[in-house]
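A.B. asks: Sequence and predicted structure are below.
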Amino acid sequence: MTRAPVVLHVGKVSGISGSEKHLLLLLPALRALGVDARFALLHEDEPGAMEFAHRMTAAGVPLDAIRLPSAADPRAYRRLLALIRRDRPSIVHTHLVHADFLGLSAGRLCRVPVLVSTKHGFNSFRESRLFARADRAVGRLAEPHIAISHGLARYLAETEGFREDAFTVIHYGIEPGPPPPPPQPGSAPRLLCVGRLVPIKGHDVLLRAFALARDAVPGLELSLAGAGPLEGALRQRAGELGLAGAVRFLGLVSPIGPAMEEAAIVVVPSLGEGFGMVALEAMERGRAVIASDVGGLPEIVGDGETGLIVPRGDAAALAGAIARLAADPERLAAMGAAGRARALAEFGQERCTELTAELYGRALGRAGASE
């Protein structure tokens with residue numbers, strides 16, 4: 001019997017957001033296709049990392065945890081080398097910066113036939129010339145490269161100097177949940193924004209836009225689901241804008257589906273977004289989405305069909321989009337239904353899994369031919 005190819009995924013995890021949700025779907029699905037997918041978890045003892053480990057192992061995926069107290073910890077690197085030598089994978093597949101720098105070099109030292117790297121997101125540190133040179137140098141160890149959206153591939157080309165056409169684009173996938181309830185009728189629909197409370201998620205732009213939209217549609221309410229270092233500043237900003245009674249801070253919410261079902265519109269005002277899993281989750285739950293024109297968001301949200309796309313950082317444009325949809329419940333319902341249909345037809349997990357497995361097959365074929 002032919003041995004199933006061992007694919008060791010390596011990732012640094014601190015919590016569960018878009019990339020981690022993707023991996024929690026992808027690896028069990030790959031195993032169901034006959035790929036011996038495993039995970040090397042780099043972590044700093046964060047509760048989110050431990051939850052990720054529990055969920056991954058509960059899904060039947062072998063996992064080894066490696067504590068990474070610093071980015072270049074030699075003990076962690078030796079443990080990763082020992083793990084690769086023990087499992088003898090045909091492929092090492094890395095996710096995010098720490099894994100790229102540690103996993104790709106360890107895979108090369110251990111003579112792993114195929115090294116794959118997936119780029120997942122926008123990051124301010126990528127604008128550093130020093131980082132860009134280092135990332136490109138490490139990136140030369142991998143072939144093939146995956147980007148989770150065409151927008152991210154363009155960003156990496158413009159910011160770091162990668163070749164845009166060097167990336168194979170494989171979007172994240174989603175699994176269908178039960179049919180969602182329709183948006184609750186009301187004179188002023190509720191808005192929801194989901195994401196870490198950090199600058200790149202654009203919450204300050206949203207608050208300014210929300211204040212303007214309430215002038216046109218009084219009674220609008222906004223819920224913010226997520227935690228992060230900006231919470232205090234955002235609470236203060238909401239008060240300064242006269243929104244203290246109209247904005248709710250929900251903290252971390254998991255699962256997020258019920259909160260989306262309570263809303264009529266999900267807003268994704270990000271200033272940078274590699275993919276935009278929140279937009280896809282909202283569409284799967286039958287909710288209209290208003291999103292920035294960055295990264296993968298325009299590839300997910302059909303502008304004018306499943307939601308509206310607005311220029312990033314433009315509070316006036318975002319306010320206008322909110323007011324237009326909030327005043328048109330029939331259009332909201334139609335966009336929500338179209339969004340669910342699009343999510344399931346174009347972004348199903350099965351497609352993501354099959355494209356990844358096909359990429360592995362091609363890469364192993366080339367590696368075999370070159371040996």
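C.D. replies: Nice, thanks for sending it over. Residues are numbered from 1 along each chain as shown.
A.B. asks: So for stretch 119-128, what gets flagged as buried?
C.D. replies: Neighbour-count burial for stretch 119-128 flags 119, 120, 121, 122, 123, 126 (criterion: 16 or more other Cβ atoms under 10 Å). Just so you know, the C-beta spots here come from the backbone N, C-alpha and C atoms, and that holds for glycine as well.
A.B. asks: do stretch 31-47 as well
C.D. replies: Buried-residue list, stretch 31-47, by 16+ other Cβ under 10 Å: 31, 35, 36, 37, 38, 39, 40, 41, 42, 43.
A.B. asks: Just the terminal-to-terminal distance for that stretch.
C.D. replies: End-to-end span of stretch 31-47 (Cα to Cα, to the nearest Å): 26 Å.
A.B. asks: pLDDT (mean, whole number) over it?
C.D. replies: Mean pLDDT, stretch 31-47: 96.
A.B. asks: Tell me the gap between it and the middle of its chain.
C.D. replies: In this view, stretch 31-47 has its centroid 17 Å away from the chain centroid, taken as Cα atoms, centre = their mean, to the nearest Å.
A.B. asks: repeat for stretch 93-113
C.D. replies: So, by Cα atoms, centre = their mean, the centroid of stretch 93-113 is 21 Å from its chain's centroid.
A.B. asks: which parts of that stretch are buried?
C.D. replies: The neighbour-count criterion (16+ other Cβ under 10 Å) identifies 93-107, 110, 112-113 as the buried residues of stretch 93-113.
A.B. asks: Which members of the buried residues of stretch 31-47 are the farthest-apart pair?
C.D. replies: Using Cβ to Cβ, the pair of the buried residues of stretch 31-47 lying farthest apart is 35 and 43, separated by 23.7 Å.
A.B. asks: residue boundaries of the helices in the stretch 151-300 of the chain?
C.D. replies: For the stretch 151-300 of the chain, the helices defined by DSSP state H, counting those that start in this stretch cover 203-216, 231-240, 257-262, 277-284, 297-300.
A.B. asks: would you turn the ones you listed into TSV with mean pLDDT and mean neighbour count?
C.D. replies: Below are the helices of the stretch 151-300 of the chain laid out as TSV (pLDDT from 0 to 100; neighbours: other Cβ atoms under 10 Å):
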stretch	mean pLDDT	mean neighbour count
helix 203-216	97	21
helix 231-240	97	14
helix 257-262	95	16
helix 277-284	98	27
helix 297-300	98	24
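A.B. asks: For residue 82, find the nearest of those helices.
C.D. replies: Closest approach to residue 82 among the helices of the stretch 151-300 of the chain (Cβ to Cβ): helix 277-284, 33.3 Å.
A.B. asks: Tell me the helices and strands packed up against the closest one.
C.D. replies: With contacts taken as 3 or more Cβ pairs under 8 Å, 6 or more residues apart in numbering; DSSP states H and E, helix 277-284 sits against helix 18-32, strand 190-194, helix 257-262, strand 265-268, strand 288-292, helix 297-300, helix 329-346.
A.B. asks: what's the following helix or strand after the longest one?
C.D. replies: Yep, that's helix 329-346 we're talking about. Counting by DSSP states H and E, the element after helix 329-346 in chain order, helix or strand, is helix 349-370.
A.B. asks: you'd agree residue 71 is up against residue 98?
C.D. replies: Yes: in this structure, residue 71 is within contact of residue 98 by Cβ atoms under 8 Å, at 6.2 Å.
A.B. asks: gap between residue 310 and residue 320?
C.D. replies: From residue 310 across to residue 320, the span is 8 Å (Cβ to Cβ, to the nearest Å).
A.B. asks: Neighbour count: the two, which is higher?
C.D. replies: Between residue 310 and residue 320, residue 310 has the larger neighbour count (other Cβ atoms under 10 Å), namely 24 against 17.
A.B. asks: Skipping adjacent residues, who's closest to that one in space?
C.D. replies: The shortest distance from residue 310 to any non-neighbouring residue, by Cβ to Cβ, 6 or more residues apart in numbering, is to residue 317 (4.4 Å).
A.B. asks: wouldn't the one you found be in contact with residue 309 here?
C.D. replies: No: between residue 317 and residue 309 there is no contact under Cβ under 8 Å: 9.7 Å.
A.B. asks: now stretch 23-42: how far from the chain's centre is it?
C.D. replies: In terms of Cα atoms, centre = their mean, the centre of stretch 23-42 is found 17 Å from the chain centre.
A.B. asks: Where does pLDDT dip in the stretch 1-150 of the chain?
C.D. replies: Flagging of the stretch 1-150 of the chain using pLDDT under 70 yields the residue ranges 1-2.
A.B. asks: Could I get the full set of strands for it?
C.D. replies: 6-12, 36-43, 63-67, 91-95, 114-119, 145-147 (DSSP state E, counting those that start in this stretch).
A.B. asks: can you put these in CSV and add distance to residue 139?
C.D. replies: Formatted as CSV, the strands of the stretch 1-150 of the chain follow (distance: least, Cβ to Cβ, whole Å):
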stretch, distance to residue 139
strand 6-12, 15
strand 36-43, 18
strand 63-67, 22
strand 91-95, 10
strand 114-119, 6
strand 145-147, 7
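A.B. asks: I'd like the average pLDDT over stretch 306-324.
C.D. replies: 98.
A.B. asks: now do stretch 162-172
C.D. replies: Here the average pLDDT along stretch 162-172 is 97.
A.B. asks: okay, now the spatially closest residue to residue 163 that is not a sequence neighbour: neighbour count?
C.D. replies: Once flanking residues are discounted, residue 163 sits nearest to residue 157: 6.5 Å by Cβ to Cβ, 6+ apart. By the criterion of other Cβ under 10 Å, residue 157 has 16 neighbours.
A.B. asks: Hmm, residue 150 and residue 157 touching each other?
C.D. replies: No: with contact defined as Cβ under 8 Å, residue 157 does not reach residue 150; the gap is 10.6 Å.
A.B. asks: Okay, now stretch 296-303: how far is its last residue from its first?
C.D. replies: 13 Å.
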